[in-house]
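Trainee: Provided below are the primary sequence and the corresponding predicted coordinates.
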Amino acid sequence: MIDRVINSRGFDNFDFRFIGLIFVILGVGVLSIYSVTHDQGVAFPFYAKQIVWILLGTVAFLVMWLSDYHRIARLAYPAYAIILILLAVVLFEGKSSRGAQRWIPMGPFAFQPSEFAKLVLIVTLAHYYSKAPRVGWLQRVVLPGLLVLPGLLLILKQPDLGSGLSFLAVYAAMLLMVGMRSKALGVILLFSLMLFPFAWEMMWGSLHDYQRQRIMAFVDPAYDPGGKGYHALQSRIAIGAGELTGKGLYGGTQSQLKFLPEGHTDFVFSVFAEEWGFLGVLALLILFVTLIWLSLEIVARARDQLGALLAVGIICMLCFCVVVNIGMTAGMFPIVGIPLPLMSYGGSATIMTMASLGLLLNVKRRRLSFF
Amino acid sequence: MATAGLHDSELGELQRRLIILRVGLLLVVALLALRLWHLQIREGPYYRDLSENNRTRSVIMEPARGLIYDRNGVLLANNVPSFTLYVSLEDVKNRELLIEQLTNLLGLDEALVRKKLMARGSKQLPRKVKDRLSLREATLIESHRLDLPGVMVQVESQRNYPGGVTASHLLGYVGEVSPEQLEKPEFADLHQGSIVGQYGVEKFFDRLVRGQAGQKSIEVDALGHEKRTVVVEQAHAGDNLYLTIDVRLQKVAENLLGEESGAIVALDPRTGDVLAMASRPGFDPNVLSRELTPKQWAEIVQNEGRPLNNRASQGQYPPGSVFKVMMAAAALESNTVTPSTTIHCNGGYQFGRRLYHDWKAGGHGSVDLRRALIQSCDVYFYTVGQRMGIETMASFAHMFGLGEETGIELPSERIGIVPSSAWKQKAKNEPWLPGETISASIGQGYVNVTPLQMASLIGTVANDGVTFRPRLVRAVMDRATGALEERPAVPKRTLKLRPEILPLIKEALAGVVTEGTATRAKSALVTIAGKTGTAQTTALGKDKKAEKDIPKKFRDHAWFVAFAPVDAPTIAVAVLGEHMGHGGSASAPLAKVLIETYVKLNLPAPAAVPDGTVAREADAGGQDTR
């Protein structure tokens, strides 16, 4: 798939396809957000804000793409330290919304450190694995685990289940790719990762009330349509009602008439599915799979350990978010509040995702510049 | 790149492991696609239905009930807009909370609200919780709308009776269809909260007046706010009814009874048209058409005056001497007596060991049939009855329409009792006693009639033997087409009597007013014929106590039946005053006033409208049968 024609100076077709894909998905996202919020009647509606986030994200993308990723990696530890401090600040100074304290207010906007923490963690772990001598369990598993732990705890304290899970997923993916010697172990890890949501109830006691309710909703969403299972049921209705060809743009009654909550953020996929149907959904899945496939090509062609690790971490995070988000809107997983990358409304998430993809493409570029 | 060599193997290992990610990715995405295929393709139609239901609310559009007019087009029942509170259960998240909010906000009875919301029935259709909200209540609800998801205030037409208590028993009232009614086939197309007639004409003609409910589909958002309305089916207003009553006469009849209990019925003997039908005490149908609390309802039902009882068609009383009109015809037709047969009355009739008194202590001396009627001689009719026998008496009573429904178009008409040996065997499982025949011959004992039957009886006499079924509705106007359908007068039966009999009786009845027991009914305006009756309610015997010493509830019922004018009768009247004493003194004057009123009303009208309150409607005039 990767273009064999090497052009050491400029950008090749691969880059264009990669960037093109990103913007197609971003565009689909903006369209869906527009569909839900176009009649809000406020001066600065969500879709317009999202376009601003995408512009800022483009800047982040360019910065991450065009810098030397080795230099970026060298900033990992200080960056991680700063993120930990920000996560701590959130707990004390942050803005609350729906029982969770995740945001640091910044003027008219709010900044969500846990989103950025994911990327920083990836860089940190990649940096760690590429530098440290990795022999034995202690250095392969335990030490990186200790690195992950403070961030994870701070995030779970907010509580932000989704980001916490992403954190774990990144760590697990890194372990799988480099930390573990045994392939068997790696496979087990992968599957336990996939099955993780189902083993969820083990952690029942440590959950917040609203989290428990969401999980209850997962167990039996039909038993109380007005109450706890509301999100899950309305989301399933929205997706199912799309049928093969969808109800068309603005035709999604579930979202247009506000039955579906959070239609522009966590449940943007349901909006899309209702309006564009199974065909649209398949097309979207193909877009995501292609993007990830191209990313995997970058890993396969990575010239050094750091680049490969960075790429793998970003890919795993992306995959995890896409799969868990779609899975939860489709009623396969509990609702854990993970946005759909590139599509859900949200400044921090959009900028972070685009920065990550910039870094990913950077890995390929740097490989070329070696020659 | 000092460590490159060492790392190269690791990098290679990592890149080889990418296959796990690739397989895993495809696997998981395939799972997702499968799930989405299941949701959107296999169960798609199901979820589409759910989403349609999610956004649309069916709302019943109640039809406007047909209007009711009197014979001259005076409005008796119409509809006024009012606010009705509905709850769409689908939108209610927390039912208990809503019940509490509604109870606090409107001061509703909590149990009542709960009952309404919990009642069985479709969840799709909104539940009616309260009607006739005041403007203040409606505003209160609207201003709290955001806190009350699923609560809707609809403007609906509400039944209104401009005349209040006037003609209440006749018009009846409306109310919500009850769960028991809903089970019945004739209410099949109705739903909880539908308004149906529950009494009177409203009930009897409900099918015509009810109209047909429409339905609209309201697209709502998640908060229950209306976004768009699609009318699925228009509501069709019910048909208008034009009654036979003249509301002016009706009011006079009601005022004549005043605070007394009783009934007055006035018929046009030529057609059976009910000109007035008063029953006192009455009720305000406006109140009864409202939703009553159980306590209010109990107060009405347990009221000693039994205001809900239509005494004209449902009250059963011994006819007393009014029965003698029928007896006279029976005696002649059965050849028990001839017009010239005289019987001596000395104030009592000895039968076995019992003496049956005449109302007049000294007796009437020798009387023939005519005088016996004029004087209302009991002994004459004791004798006649005894000679005739109870079976003959019963068969003639039936001929005169007693012991059967008159066929008036009102629900739950009572038929009274025409006693006979067969009847007594069946009803009491006892043999007929000869003495009972004697009581029956003056309309006492087991004989029971309704004032309506009496009016019909005297009307039959006035109309030379032809009985018309009492007619309440003169015409029906289809509101959709505007077509006015006249309802014909229905002759029910013709008495098979020798032709000389009825003129003789009519002449005697005229004598009752001119020289007999009912001289108080004598009118300067019109010739009136009639017959008094004083129905004993308890066996006080003939102790001849002064009437005012007897407690009211033991006093006799006062009857008077009449028709006028004597030679060409246009009105037949029956007056019953419960416990008002003697028919001649208590009831006859009332009949006189009523008849005079009727005559005055039907004088050739002067150019100007005589009564300013009468609002004539262009389409209501029709062809008056006056």
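Mentor: Nice, I can see it.
Trainee: which residues does the residue of the stretch 101-250 of chain A found nearest chain B contact?
Mentor: Closest to chain B within the stretch 101-250 of chain A is residue A:240: 2.5 Å, counting by C-beta to the nearest C-beta. Heads up, the C-betas are built off the backbone N, CA and C, glycines and all. Going by C-beta atoms under 8 Å, 6 or more residues apart in numbering or on different chains, residue A:240 touches B:39-40, B:43-44, B:46-48, B:50-51.
Trainee: Go again with 10 Å.
Mentor: By C-beta atoms under 10 Å, 6 or more residues apart in numbering or on different chains, the contact list for residue A:240 reads A:254, A:270, A:273-274, A:278, A:330-331, B:36, B:38-51.
Trainee: quick one: what helix or strand has it in it?
Mentor: Using DSSP states H and E, the element containing residue A:240 is helix A:230-241.
Trainee: Tell me which stretches of the stretch 351-500 of chain B form helices.
Mentor: Assignment of helices within the stretch 351-500 of chain B using DSSP state H, counting those that start in this stretch yields the ranges B:369-375, B:378-388, B:390-399, B:421-428, B:434-441, B:451-462.
Trainee: Can I get the first one in CSV, CA atoms only?
Mentor: Spelled out, it's helix B:369-375. C-alpha atoms of helix B:369-375 as CSV (Å, rounded to 0.1, in the frame of the first residue of the first chain):
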residue,chain,number,x,y,z
LEU,B,369,-121.3,7.4,35.7
ARG,B,370,-121.1,11.1,34.8
ARG,B,371,-121.8,12.3,38.3
ALA,B,372,-119.5,9.6,39.7
LEU,B,373,-116.7,11.1,37.7
ILE,B,374,-117.5,14.7,38.5
GLN,B,375,-117.8,14.0,42.2
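Trainee: helices or strands next to it in the packing?
Mentor: Applying 3 or more C-beta pairs under 10 Å, 6 or more residues apart in numbering or on different chains; DSSP states H and E, we find helix B:369-375 packed against helix B:323-333, strand B:343-345, strand B:365-367, helix B:378-388, helix B:501-515.
Trainee: Repeat that for the second one.
Mentor: For helix B:378-388, the contact count by 3+ C-beta pairs under 10 Å, 6+ apart identifies helix B:323-333, strand B:343-345, strand B:348-351, strand B:354-357, strand B:365-367, helix B:369-375, helix B:390-399, helix B:434-441 as packing neighbours.
Trainee: The residue of the stretch 101-250 of chain A closest to chain B and residue A:252, how far apart?
Mentor: Distance, residue A:240 to residue A:252, using C-beta to C-beta, to the nearest Å: 12 Å.
Trainee: so what's in contact with the two at the same time?
Mentor: Residues touching both residue A:240 and residue A:252 (C-beta under 10 Å, 6+ apart): A:270, A:273-274, B:51.
Trainee: ok, back up a step: could you find the closest non-adjacent residue to the residue of the stretch 101-250 of chain A closest to chain B?
Mentor: In space, and not counting its chain neighbours, residue A:240 is closest to residue B:47: 2.5 Å by C-beta to C-beta, 6 or more residues apart in numbering or on different chains.
Trainee: Wasn't that neighbour part of a helix?
Mentor: Yes - according to DSSP: H, G, I helix; E, B strand; the rest coil, residue B:47 belongs to a helix.
Trainee: Would you confirm that it contacts residue A:247?
Mentor: No - Residue B:47 lies out of contact with residue A:247 (C-beta atoms under 10 Å); the separation is 11.4 Å.
Trainee: Give me the common contacts of those two.
Mentor: What both residue B:47 and residue A:247 touch, as defined by C-beta under 10 Å, 6+ apart, is the set A:238, A:241, A:254, A:274.
Trainee: burial of the last one, as a residue count?
Mentor: In other words, residue A:274. If you count neighbours by other C-beta atoms under 10 Å in any protein chain shown, residue A:274 ends up with 35.
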